[in-house]
Each structure stands twice: as C-alpha cells, then as structure tokens.
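Chemist: sequence and predicted model, in that order:
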Amino acid sequence: QVQLVESGGGLVQAGGSLRLSCAASGRIFSINDMGWYRQAPGKQRELVAAISTRGNTNYADSVKGRFTISRDNAKNTVYLQMNSLKPEDTAVYYCNAEVVVVHSFGTLDAWGQGTPVTVSS
C-alpha cells in the first residue's frame, strides 16, 4: 500500500558526488521522519541521516560535513546529497519513511529496495 523508490546510485571516483532520491507513493496520509540507511558487505545496516517533518536533521558522525539530507513534503520525496565520497561510503543505500497510511491507525515503517553506491579509490 506504500512504495518507496530510490534512484541516483552508481559508480563514482573518490572525491566525487552523487545525489540520491527517494519518492514515496501509495495510500499516504502523511509522512513523519524520513531517512537514509546503508549496508556495506558483511556489515550491519546503519543510519546515515534522518530528517523530521519540520526539517530537523541528524547525521552519522562518519558523514557529517559531507552529506546533506533534505525533503520535499509536497512530493513525498527525500534526498541525500553526497559530496567528497570515500571508498568506505560504498554500500547499498536504503530509504526509510514512517508513513501514516490513509484510513488506518498507527504508522507504517516503509523501506525502499535499495540503490547501490560504489566509490572507487
């Protein structure tokens, strides 16, 4: 009933930039927090950045000053601008959203399918 579709991943050289997008669609009444997570091979999924409805943000220490999260509430879309990329940023990046579904109680923890980011040295 709710879908999150990511785009923008790919292969980039160290020091380069990428911009990820994630659009939510379906039976959406509203969206609370949105965020980006990543999972590198052999590692656990970790929070990269999150943003509230009002625009309050928080970042993992490893990406502070390099990544910027933003959202367009009218489009139900969240973005992740990634600059000064490092090989250790290589991972599959997942979009996450806390969705209030139309005609339901509570919230739905929705996830995208993931988009791979590879940073070469």
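Modeler: Structure's in. What do you need?
Chemist: look up how far L108 lies from the most centrally placed residue in the chain.
Modeler: Geometric centre of the chain, nearest residue: W36, 2.7 Å, by CA atoms, centre = their mean. Distance from W36 to L108, counting by CB to CB, to the nearest Å: 18 Å. The way it works is simple: take the backbone N, C-alpha and C, and place the C-beta from them, glycine included.
Chemist: do I51 as well
Modeler: Counting by CB to CB, the gap from I51 to L108 is 18 Å.
Chemist: for the closest residue to T57 other than its chain neighbours, give the beta-bridge partners.
Modeler: What sits nearest to T57 in space, not counting adjacent residues and going by CB to CB, 6 or more residues apart in numbering, is I51, at 4.9 Å. Taking DSSP bridges, one obtains M34, T57 as the residues bridged to I51.
Chemist: quick one: the strands in the chain?
Modeler: Ranges of strands in the chain, per DSSP state E, are 2-7, 10-13, 18-26, 28-39, 46-51, 57-59, 67-72, 77-82, 91-101, 108-111, 115-120.
Chemist: I'd like those laid out as JSON lines, including mean pLDDT.
Modeler: Output for the strands of the chain, formatted as JSON lines (pLDDT from 0 to 100):
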{"stretch": "strand 2-7", "mean pLDDT": "96"}
{"stretch": "strand 10-13", "mean pLDDT": "98"}
{"stretch": "strand 18-26", "mean pLDDT": "98"}
{"stretch": "strand 28-39", "mean pLDDT": "97"}
{"stretch": "strand 46-51", "mean pLDDT": "98"}
{"stretch": "strand 57-59", "mean pLDDT": "98"}
{"stretch": "strand 67-72", "mean pLDDT": "98"}
{"stretch": "strand 77-82", "mean pLDDT": "98"}
{"stretch": "strand 91-101", "mean pLDDT": "97"}
{"stretch": "strand 108-111", "mean pLDDT": "96"}
{"stretch": "strand 115-120", "mean pLDDT": "98"}
